[in-house]
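Undergrad: Sequence first, predicted model second:
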Amino acid sequence: MGRDKALLPWPPISAGTFASGGTFLSAAIASLAPFAESVIVVVGKNEPNLAPIIYADGASLVRNPAPERGQFSSLQVGMQEVLNHGRDAAMIMLVDRPPVSSEAIEVLAQAFAPAVTAGKWAVVPEFGGQHGHPMLVSREMIGAFLKAPVTSSAREIRHEHEDRIQYVTVDDPRTCTNVDTPEDYASLTS
């Protein structure tokens, strides 16, 4: 992308418009806050740029001491922090996706407790046959993430426990929208 995706303006800026002051990060915090007791953001070397946004939006941060180990190491740091806060479930959202609708999060939140009662470890949104984020995970899935080698990926761990995942259809394409290039970002304004 060439820049920190957490700092991309949200809503997107199209030609001739002015920035609203929001970012992917601030919008993600705002979208999760009504559904979570706390929002924890994992940061790396970008901490100085992200901390003011995180604190201004009422979230907390935890620093990945070795972000060069990759995205999965940040997930593990975040999951450990969830357990450190005495919680046994988490909602996981990536920074390279635009924030999802509150309706989609509500659908996932409503599905989570019944799914866990039925022996599932996670609820994952599905749109158009694709799986996305945010994922809601139980203590069992948190444990699976934490026990995995740092060279793993969340997708690998999810696939290892496929029988413990409940996919929930949502009506929000942003659950499956990655923003990896300037063209991906520009497509959000069209």
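TA: Perfect, thanks for sending it. Numbering: from 1, shown residues only.
Undergrad: now the helices for this protein?
TA: Taking DSSP state H, the helices of the chain run over residues 24-32, 47-56, 71-84, 102-117, 139-147, 154-160, 182-187.
Undergrad: Adding distance to Asp96, mean pLDDT and mean neighbour count as columns, could you present the ones you listed in a markdown table?
TA: Placement of C-beta: from N, CA and C, glycine included. What follows is the helices of the chain, written out as a markdown table (distance: least, Cβ to Cβ, whole Å; pLDDT from 0 to 100; neighbours: other Cβ atoms under 10 Å):
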| stretch | distance to Asp96 | mean pLDDT | mean neighbour count |
| --- | --- | --- | --- |
| helix 24-32 | 8 | 94 | 22 |
| helix 47-56 | 14 | 96 | 14 |
| helix 71-84 | 9 | 97 | 18 |
| helix 102-117 | 17 | 97 | 17 |
| helix 139-147 | 19 | 98 | 18 |
| helix 154-160 | 13 | 95 | 15 |
| helix 182-187 | 9 | 88 | 14 |
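Undergrad: need these in TSV with distance to Ala6, can you?
TA: Listed next are the helices of the chain as TSV, based on distance: least, Cβ to Cβ, whole Å:
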stretch	distance to Ala6
helix 24-32	4
helix 47-56	6
helix 71-84	12
helix 102-117	19
helix 139-147	21
helix 154-160	18
helix 182-187	13
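Undergrad: gap between the two ends of stretch 134-141?
TA: End-to-end distance for stretch 134-141: 14 Å, by Cα to Cα, to the nearest Å.
Undergrad: for Asp184, what are its contacts?
TA: Taking Cβ atoms under 8 Å, 6 or more residues apart in numbering, we find Asp184 in contact with 177-178.
Undergrad: With Arg63 as the reference, measure out to it.
TA: For Asp184, the distance to Arg63 equals 27 Å [Cβ to Cβ, to the nearest Å].
Undergrad: which ones are touching Gln130?
TA: Cys176.
Undergrad: got it, and Ala33?
TA: Per Cβ under 8 Å, 6+ apart, neighbours of Ala33: 39, 57-59.
Undergrad: If anything else comes up later, I'll come back, but that's it for now.
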